[in-house]
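Colleague: Fold the following, please.
(one chain, ligands or ions: 1)
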Amino acid sequence: MLFQVEMTVKLPPSMPAEQAAEIKATEKAYSQELQRSGKWRHLWRVAGSYANVSIFDVEDNAELQEIISNLPLFPYMEISVKPLCRHPSSIREDDS
Ligand SMILES: O=C(O)C[C@H]1C=CC(=O)O1
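Modeller: Sure thing, here's the model as predicted:
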């Protein structure tokens, strides 16, 4: 199942820079592992924002919830999820 996930990061300004850097490094490693596995299919920065638009390819809602809630930045993000299905006019083979 494909999902579009939008994540907006809102770290508290009071968080020490060292702690923020550590969380971001852990998040990067976790997201890159998921990208290599194929579960996190696309990751795009929203220009001008500390936000991303991502496409996840997971078994079901429960797996998406598990992946997202384990993101190290999860407590500091606003997240919206939209389920996707194949567009009838798509010419791409990997859209479903
Ligand atoms: O920077 C972000 O958009 C938040 C998050 C998503 C992947 C990652 O490495 O950090």
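Colleague: CA atoms for contacts and neighbours, from now on please.
Modeller: Fine.
Colleague: Run through the residues that contact Met1.
Modeller: Shown in contact with Met1 (C-alpha atoms under 8 Å, 6 or more residues apart in numbering): Phe56, Asp57, Val58, Glu59, Asp60, Pro83, Leu84, Cys85, Ser96.
Colleague: and if we set it to 7 Å?
Modeller: Neighbouring residues of Met1 by C-alpha atoms under 7 Å, 6 or more residues apart in numbering: Asp57, Val58, Glu59, Asp60.
Colleague: what about the helices in the chain?
Modeller: 17-37, 61-69 (DSSP state H).
Colleague: What's the end-to-end length of stretch 72-87?
Modeller: Start and end residues of stretch 72-87 are separated by 33 Å (C-alpha to C-alpha, to the nearest Å).
Colleague: Same check on stretch 52-71?
Modeller: First-to-last residue span, stretch 52-71, C-alpha to C-alpha: 14 Å.
Colleague: So for it, what gets flagged as buried?
Modeller: Asn52, Val53, Ser54, Ile55, Phe56, Asp57, Val58, Leu64, Ile67, Leu71 (16 or more other C-alpha atoms under 10 Å).
Colleague: Redo those residues as a markdown table? Include distance to Tyr30.
Modeller: Formatted as a markdown table, these follow (distance: C-alpha to C-alpha, whole Å):
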| residue | distance to Tyr30 |
| --- | --- |
| Asn52 | 15 |
| Val53 | 16 |
| Ser54 | 14 |
| Ile55 | 15 |
| Phe56 | 14 |
| Asp57 | 16 |
| Val58 | 16 |
| Leu64 | 14 |
| Ile67 | 10 |
| Leu71 | 7 |
